[in-house]
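> show me the folded form of this:
(4 chains)
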2 protein chains.
Amino acid sequence: MRARRQHELRPRRRPSQARSRETVAAIVEAAARIFAAEGYAGATTNRIAEAAGVSVGSLYEYFPNKDALLVALIEAHVAEGQALLDEAATEVMARALPLPAAVRRLVDAMIALHARNRALHRVLFDEAPLPPRVRRQVDAAEEAIAARIAGYLRERPEVTVPDPALAAAVVVQAVEAVVHRLVVHGDERQLAAQARELVALVVSYLTADRRRLS
Amino acid sequence: MRARRQHELRPRRRPSQARSRETVAAIVEAAARIFAAEGYAGATTNRIAEAAGVSVGSLYEYFPNKDALLVALIEAHVAEGQALLDEAATEVMARALPLPAAVRRLVDAMIALHARNRALHRVLFDEAPLPPRVRRQVDAAEEAIAARIAGYLRERPEVTVPDPALAAAVVVQAVEAVVHRLVVHGDERQLAAQARELVALVVSYLTADRRRLS
DNA sequence: GGAGTATACGAGTAATTACTCGGATTCGAC
DNA sequence: GTCGAATCCGAGTAATTACTCGTATACTCC
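Sure thing, here's the model as predicted:
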């Protein structure tokens, strides 16, 4: 293969006419399908263009290289995740849900996010190391949701953790990591039971009698 | 590149003389270095052979293809992990450690396993999807350690979970997933504090007053 | 020391695939 | 209707790299 075009990941040209916007949309959508089906290495730009009903030339008109396609997909996925989690957080706050229900809501939102397109999610986050810029975006999204959760924790009297910010970070990490495991690699039949235990895990932690723990 | 030699992953020939055993060892060791430094895609068999001080021909004498090298590394890593965790479990049992100390021991063992060669660990488990046979090996190792933990949980009166086998599985999943996150992607400065919280998370869960949780 | 086997070598091959570019086509604006 | 810009096309190219195979060397055992 030819030497990969430096590290440029941004679109090469902005589509201005409706026609080209459709082309870009078709390419992104086809990329999602092909990456999900073939994995990162197995997906070729020619195949993606073909699946999009477009020539490779057009693909490269808008995406400087293969990685740029991945990045576009990841960014869309992250935005979607942020929206899902924000929605959950807003609902929890508005209805002042008690802790177990709130945690359940968080876990369910996380499961929904991962399950929406399992195969693609696996490729995006289990293959191909994220470029630093994208990594930062993901981290920022996680921090944002952790901050909201920390705010909620401070309001709930039954929460006993001494450092809500730290606790929120740990909870987000744990829920994300475990759900990822369960959904992407786990046994579907055990998902419900394990999700229940995950809720118990988090709720116990947040409401534990801290004096007993050391 | 040439079509990849089917799905054979087992060594092609068993080294019988001391000389060739050294060659194989050098290749494996070099593969670890190169994969860690360059990532899966960036590592080439020519480069690995060169780093091992050996010709490509010799490499292919013992490993049918590039993936077989990865599999060898993963198998070694899994064996090492099993040994580390078994050792921790044995110590916990022998000294009848109380729960917080036992969990701490588990978390520390897991951290040690992940931190021993961060970069390689990342490549092995974050890039390149594992072939099914290897996946099964990893799962079996996790189940084995979960079974030992379940036995321990049943012995400790302070443990309140209704289903120790399920709880043990969840705990192993959670500890593995979170530690992986913390060590491979996380901020090193926060590791200690987050590890402490992880211990609190697990201990709280295992000793929670189950009536309060729903 | 000779026969047979195991091991090592590494230049070369074949396949793959990311990416280009010159030219055709379609659009929007006046 | 025309002109310039935007878009599209896709055969071809250049680079990469996994893997082979004929030959040379070292070892073992008698």
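
> on contacts alone, who are the packing partners of the longest helix along chain A?
Looking across chain A with DSSP state H, the single longest helix is helix A:66-94. Contacts defined by 3 or more Cβ pairs under 8 Å, 6 or more residues apart in numbering or on different chains; DSSP states H and E place helix A:66-94 against helix A:18-42, helix A:45-52, helix A:99-115, helix A:118-126, helix A:132-155. Where you see a C-beta, it was placed from the backbone N, CA and C, and this is true even at glycine.

> which bits of chain A sit near chain B?
A:39, A:41, A:100, A:122, A:126-129, A:135, A:166-167, A:169-170, A:173-174, A:176-178, A:180-182, A:185, A:193-194, A:197-198, A:200-205, A:207-208, A:212-214 (Cβ under 8 Å from any Cβ of the partner chain).

> could I get the contacting residues of residue A:189?
For residue A:189, no residue meets the contact criterion (Cβ atoms under 8 Å, 6 or more residues apart in numbering or on different chains).

> and it, what pLDDT?
For residue A:189, the pLDDT comes out at 95.

> run through chain A and note the low-pLDDT ranges.
By pLDDT under 70, the low-scoring segments of chain A are A:1-6, A:214.

> let's verify residue A:16: helix, strand, or coil?
Classification of residue A:16 using DSSP: H, G, I helix; E, B strand; the rest coil returns coil.

> tell me how many other residues crowd it.
Using other Cβ atoms under 10 Å in any protein chain shown, residue A:16 has 8 other residues around it.

> phi first, then psi, for it.
Backbone geometry at residue A:16, expressed as degrees, to the nearest 10, gives phi -110, psi -30.

> which among the residues of chain A next to chain B count as buried?
The neighbour-count test (16 or more other Cβ atoms under 10 Å in any protein chain shown) marks A:39, A:100, A:122, A:126-128, A:166-167, A:169-170, A:173-174, A:176-178, A:180-182, A:185, A:194, A:197-198, A:200-205, A:207-208 as buried among the residues of chain A next to chain B.

> for the helices and strands packed on helix A:66-94, which one sits closest to DNA strand D?
helix A:18-42 (3.3 Å; Cβ to the nearest atom of the strand).

> do that closest one and DNA strand C come into contact?
Yes - for helix A:18-42, a contact with DNA strand C is found by Cβ under 7 Å from any atom of the strand, at A:18-19, A:42.

> on that earlier part again, just the buried ones among the residues of chain A next to chain B: which are in strands?
Judged by DSSP state E, strands contain none of these.

> ok and the residue in chain A nearest DNA strand D?
Closest point on chain A to DNA strand D, by Cβ to the nearest atom of the strand, is residue A:57, at 1.8 Å.

> can you name the helix or strand that that residue falls in?
Per DSSP states H and E: residue A:57 is located in helix A:56-62.

> hmm, who's touching that helix?
By Cβ under 8 Å, 6+ apart, helix A:56-62 touches A:11-13, A:15, A:20, A:23-24, A:27, A:45-46, A:48-49, A:52.

> can you do 10 Å?
Residues outside helix A:56-62 that contact it (Cβ atoms under 10 Å, 6 or more residues apart in numbering or on different chains) are A:5, A:11-15, A:20-21, A:23-24, A:26-28, A:30-31, A:44-50, A:52, A:54-55, A:66, A:68-69, A:72.

> how far is the longest helix of chain A from where the chain is centred?
Offset of helix A:66-94 from its chain centre (Cα atoms, centre = their mean, to the nearest Å): 6 Å.

> again, but for stretch A:57-65
Relative to its parent chain, stretch A:57-65 has a centroid offset of 25 Å by Cα atoms, centre = their mean.

> send the alpha carbons of that stretch over as CSV?
Provided in CSV are the C-alpha atoms of stretch A:57-65 (Å, rounded to 0.1, in the frame of the first residue of the first chain):
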residue,chain,number,x,y,z
GLY,A,57,-12.2,9.3,-5.9
SER,A,58,-15.2,10.9,-4.4
LEU,A,59,-14.4,9.3,-1.0
TYR,A,60,-10.9,10.8,-1.1
GLU,A,61,-12.4,14.1,-2.1
TYR,A,62,-13.9,14.3,1.4
PHE,A,63,-11.8,12.1,3.6
PRO,A,64,-8.0,12.4,3.4
ASN,A,65,-7.5,8.7,4.4
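
> chain A against DNA strand D: which residues are in contact?
By the rule Cβ under 7 Å from any atom of the strand, the part of chain A lying against DNA strand D is A:1-3, A:13-17, A:19-20, A:22-23, A:54-58, A:60-61.
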